[in-house]
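>>> dropping a prediction and its sequence here:
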Amino acid sequence: MATTNSNITTTATATAEPPSAAAAVVQGGPQIPKDGLPLMHSARTPPVLPWPDIGHLAKWSVSSYKFGFGAECLRDGDPDTFWHSDGPQPHFITVEFPRKVAIQKISIYLSWPQDDSYTPSTLAIRAGTGPSDLQDVRVATLEKPDGWITFDVSSEPDEDGNSFKPVHAYVLQVIVVQNHMSGKDTHIRGLRVLGPQEEDATDGDPFPWKSQDFKMYERLR
């Protein structure tokens, strides 16, 4: 697992249209950058993306929450609900998988116009085999975000040098390092954990394991 830190910066004025030479269009969705650039999507609903959502395979927990605004609000698909922290900083979300998985990106919904000083301005992404050995893999700096922001969790280039390798881990943690205007508690309106894109062909296997649920158990020990 790569542990090299890399900082990405996104702003509220960023668009969902990366340079055409490094982008592909997903049917029914925005242009998708192929070079690891962050993807901005201004709609309130989750964007249509080619990376599979693997978050349903995991156990989710948060560092603190106000009653009725817990971890379930991160994945309920409702842009009007949100996780509301209720404790000392830093605030964090922990996603624990039953076995090691490949994690490519996260997609997070933040809204500065609605949440003001509750909006995160700096996120740190950590990954590891358990809560006690997590290592920093990415830092994201956000300036007044409004919409879904999708970016790689790793900063290690792939073999082609055009994108980033996935992180292989049991546990992923998203830490709110700082809020806008030095706010104390935080609001996050949605979060998805995304695996690598699935290949159309699987080494000639006539019965490939395509479902993420099955892929977790495709190898017997």
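Now that the structure is in, tell me what you want to look at.
>>> from here on, just use CA atoms for contacts and neighbour counts.
Noted.
>>> Val193 is in contact with Val101, correct?
No. Val101 sits out of contact with Val193 when judged by Cα atoms under 8 Å, with a separation of 10.9 Å.
>>> how about stretch 45-59: buried residues?
Buried residues in stretch 45-59, counted by 16 or more other Cα atoms under 10 Å: Pro46, Pro47, Leu49, Pro50, Trp51, Pro52, Asp53, Ile54, Gly55, Leu57, Ala58.
>>> and that stretch, end to end?
End-to-end span of stretch 45-59 (Cα to Cα, to the nearest Å): 23 Å.
>>> I'd like the distance from that stretch to the chain centre, please.
Centroid separation between stretch 45-59 and its chain, computed with Cα atoms, centre = their mean, to the nearest Å, is 9 Å.
>>> circling back: most widely separated two among the buried residues of stretch 45-59?
Maximum pairwise distance in the buried residues of stretch 45-59, criterion Cα to Cα, is 20.9 Å, between Pro47 and Ala58.
>>> quick one: low-confidence parts of the protein?
Counting by pLDDT under 70, the chain has low-confidence residues at 1-36, 199-221.
>>> tell me where it has strands.
Taking DSSP state E to define them, one finds strands in the chain at 7-11, 23-25, 31-33, 39-41, 59-62, 83-84, 91-103, 105-111, 120-128, 135-143, 146-152, 167-179, 187-188, 190-194.
>>> make JSON lines from the buried residues of stretch 45-59 and add distance to Asp78 to it.
As requested, the buried residues of stretch 45-59 are exported to JSON lines (distance: Cα to Cα, whole Å):
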{"residue": "Pro46", "distance to Asp78": "10"}
{"residue": "Pro47", "distance to Asp78": "13"}
{"residue": "Leu49", "distance to Asp78": "18"}
{"residue": "Pro50", "distance to Asp78": "21"}
{"residue": "Trp51", "distance to Asp78": "21"}
{"residue": "Pro52", "distance to Asp78": "19"}
{"residue": "Asp53", "distance to Asp78": "16"}
{"residue": "Ile54", "distance to Asp78": "18"}
{"residue": "Gly55", "distance to Asp78": "16"}
{"residue": "Leu57", "distance to Asp78": "20"}
{"residue": "Ala58", "distance to Asp78": "20"}
